[in-house]
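Novice: return atomic coordinates for the entry below.
(one chain, ligands or ions: 1)
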Amino acid sequence: MEVIIQPNHHQIASIAANIIRDAILMKPNLVLGLATGSTPIELYKSLVRMHREDGLDFSGVTTFNLDEYVAIPLEHPQSYHTFMAHYFFNHVNIPEESQHIPQNTSENHEEFCTTYEDKIKQIGGIDIQVLGIGTDGHIGFNEVGSSLASRTRIVTLSQSTIDANAPYFNDDKKAVPELAITMGIATIMEAKQCLLLANGNSKSVAIAKAIEGPITSMVPASILQMHPDTVILLDEAAASDLKEVDYYNRSYANKLLLQSQ
Ligand code: GLP
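Specialist: Numbers count the residues shown, from 1 in each chain. From the prediction side, this is the model:
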């Protein structure tokens, strides 16, 4: 795990956007795993800016989103379909047929989940998976207690996730869907690289447990300790409960030094 700590969330987004830009320049048919939530919004803004101002070409890129609520219409203002269109897909040139988001409207969810996994495999796997983290350490909608070997499936949202998302549903907890489709933890772990972003004090405990605690299904993000290429991008607030900050900072400084030689 590489842990990069920056003064604020703008710098995190900019480093993440640079990693994705460099990957697209190296491999124009990059397969990107995408996340929703407030955390990656700034990253999407940076990528849109790179497309508009520097001509970064997304025409060969394929995307797979982590998750989607079940039982709200795709055009609902809080669906992840709406989110992705609003913050990213409407502003870059990824062909519509290359954008994949779990469908919450299919008649046969099980079949849909298997097909989603198959599509990822057929294209050769996800090159870079963008991740946020829940305040309890969940990734995607893999709630606390999810099997570390789980694949794309239907899950019941935890009360903590429902509470965290209620503000987006006019603070009406009953309006937050109970069910979601999410890529599994094993699906995420097969991505060649994972980029996990977190900012703000509310994430500091989950981040400390995920990076420095034991690997456990009680903190789903802790499985990333077993991933061969994960970069964790944090602002100082999200890093405030980590014990080894000095080591992470020295490691990153040395990496930059080596790159500049
Ligand atoms: C939801 C999403 C996750 C996201 C998390 C944190 O549970 N399914 O993918 O990481 O919220 O969201 P935020 O970035 O808004 O804190």
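Novice: list the buried residues of stretch 249-256.
Specialist: Applying a neighbour-count criterion of 16 or more other C-beta atoms under 10 Å, the buried positions in stretch 249-256 are residue 252. No exception for glycine: its C-beta is placed from N, CA and C like everyone else's.
Novice: surely residue 73 and residue 79 touch.
Specialist: Yes - with contact defined as C-beta atoms under 8 Å, residue 73 reaches residue 79; the gap is 6.8 Å.
Novice: what about the strands in the chain?
Specialist: 2-6, 31-34, 62-65, 67-69, 99-100, 128-131, 153-156, 179-182, 193-198, 230-235 (DSSP state E).
Novice: any chance of TSV for those strands, columns mean pLDDT and distance to the ligand?
Specialist: Formatted as TSV, these follow (pLDDT from 0 to 100; distance: least, C-beta to the nearest ligand atom, whole Å):
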stretch	mean pLDDT	distance to the ligand
strand 2-6	98	16
strand 31-34	98	10
strand 62-65	98	9
strand 67-69	95	5
strand 99-100	98	16
strand 128-131	98	7
strand 153-156	96	10
strand 179-182	95	7
strand 193-198	98	8
strand 230-235	98	12
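Novice: when residue 73 and residue 79 are compared, which one has more neighbours?
Specialist: Counted by other C-beta atoms under 10 Å, residue 73 and residue 79 do not tie: residue 79 has more neighbours, with 19 against 11.
Novice: the closest residue to that one other than its chain neighbours and the ligand: what is the separation?
Specialist: Nearest residue to residue 79, sequence neighbours excluded (C-beta to C-beta, 6 or more residues apart in numbering): residue 72, at 5.5 Å. The spacing between residue 72 and the ligand, counted by C-beta to the nearest ligand atom, to the nearest Å, is 14 Å.
Novice: repeat that for residue 116.
Specialist: Counting by C-beta to the nearest ligand atom, the gap from residue 116 to the ligand is 16 Å.
Novice: tell me how many other residues crowd that residue.
Specialist: What residue 116 shows, counting by other C-beta under 10 Å, is a neighbour count of 23.
Novice: that one contacts residue 102, correct?
Specialist: Yes - here residue 116 reaches residue 102: they are 6.2 Å apart, a contact under C-beta under 8 Å.
Novice: joint contacts of those two?
Specialist: Shared contacts of residue 116 and residue 102 (C-beta atoms under 8 Å, 6 or more residues apart in numbering): 152, 181, 183.
Novice: which ones are touching residue 141?
Specialist: Each residue near residue 141 by C-beta under 8 Å, 6+ apart is listed here: 66-67, 155, 157, 161, 180-182.
Novice: returning to that earlier point: by neighbour count, which of the shared contacts of residue 116 and residue 102 wins?
Specialist: residue 183 leads the shared contacts of residue 116 and residue 102 on contacts (other C-beta under 10 Å) with 29 neighbours.
Novice: any idea how far that one lies from residue 89?
Specialist: 18 Å (C-beta to C-beta, to the nearest Å).
Novice: got any ranges where the protein has weak pLDDT?
Specialist: 104-106 (pLDDT under 70).
Novice: so which residues of it form helices?
Specialist: 9-26, 41-54, 80-87, 109-122, 159-165, 185-189, 204-212, 245-260 (DSSP state H).
Novice: would you list those in TSV and tack on distance to residue 228?
Specialist: Formatted as TSV, the helices of the chain follow (distance: least, C-beta to C-beta, whole Å):
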stretch	distance to residue 228
helix 9-26	16
helix 41-54	22
helix 80-87	28
helix 109-122	18
helix 159-165	28
helix 185-189	10
helix 204-212	16
helix 245-260	16
